[in-house]
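# Structure of the sequence below:
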Amino acid sequence: MNLPIDRRPFFECIFDSFWRRILALAAEFIKVMLNACYLAQLSLHLCRTFSFHRRLLLNQSRRALLQRGAVAAPLFISEVFSPLTASAQAPAPPEQWYWYPGHSLTMKAIAKDTAATCTWMLVENSPQQGVPFHKHLHEDESFYVINGLFEITVGDETVTGGPGTYIYGPRGVPHRWTNMGSARGRMLNVFTPSGLEQYFLSVALPISSSSQQPSVDTATLVPKMAALRDKFGLIRTGSTKYPPSLGQGL
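Take a look at the predicted model:
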């Protein structure tokens, strides 16, 4: 196969190649300088922004500082971080606490929040308070200690632990939990799937704080609880760890 031959004079070819190389280098140099100018302007803008924020630091809270920084920074930084700062600014939803025999409770997530997949219930109680042995026909339950000291029994397994302690309770398996500490403690109960929150919200009494002890009409409350336990598949199978009182039991 015959290849095309460049028949121009040798020096003309060299000269043409030289200028092509010069033009290519010039283009690269211009590109580098443009990038350098952009970076210099960006750096200057950031320095001015952060210097401004530093002067405001003594008069601004950390949260306000983050918010102002996201607004004053370059556009691409704002687009990345504005969802995070907006989330940080969102106030925590108010907690509605309820009194129930053995503990107070507040719902952190219910069926409408989780597409009925699970319910998150935060409970709090005093030393020696707890619930008797019982089982759920329709839900699995997980237990996670937030603070304090709790004894949790699921079937033949018993664990006693503080913050971070976790145990899983399958549906149909009797379980019980008790505050074993010297002060009030908190634990997160997660039911899978949702539904049982309707039982608690039907019988528990609204209170203004997690530690409030309301006036309770036991003649009305106890029969109501018994009827709804059957409806929601909540079966009592034993007693509390300590002698039952008004503040204990299902």
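
# how about Gln128, phi and psi?
phi 70, psi 0 (degrees, to the nearest 10).

# Could you check how many residues crowd around Leu196?
Using other CB atoms under 10 Å, Leu196 has 22 other residues around it. From N, CA and C alone the C-beta is placed, and that goes for glycine too.

# Surely it and Arg229 touch.
No: using CB atoms under 8 Å, Leu196 is not in contact with Arg229, being 10.5 Å away.

# Check which helix or strand Asn189 maps to.
strand 185-192 (DSSP states H and E).

# and what of Met225?
If you go by DSSP H and E, Met225 is part of helix 218-231.

# same question for that helix, mean pLDDT?
Averaged across helix 218-231, the pLDDT comes to 92.

# Please spell out which residues along the next helix or strand after it are buried.
Following helix 218-231 in sequence order, the next helix or strand is strand 234-236 (DSSP H and E). For strand 234-236, burial by neighbour count (16 or more other CB atoms under 10 Å) applies to Leu234, Arg236.

# likewise stretch 170-185?
For stretch 170-185, by 16+ other CB under 10 Å, it's Val173, Pro174, His175, Arg176, Trp177, Thr178, Asn179, Met180, Gly181, Arg184, Gly185.

# what does the helix or strand in which Phe200 is found contact?
Taking DSSP H and E as the criterion, Phe200 maps to helix 197-203. For helix 197-203, the external contacting residues (CB atoms under 8 Å, 6 or more residues apart in numbering) are 98, 100, 105, 107, 110-111, 119, 121, 191, 221, 224-225, 228-229, 231-232, 234.

# Return the members of those residues classed as buried.
98, 100, 105, 107, 110-111, 119, 121, 191, 221, 225, 229, 232, 234.
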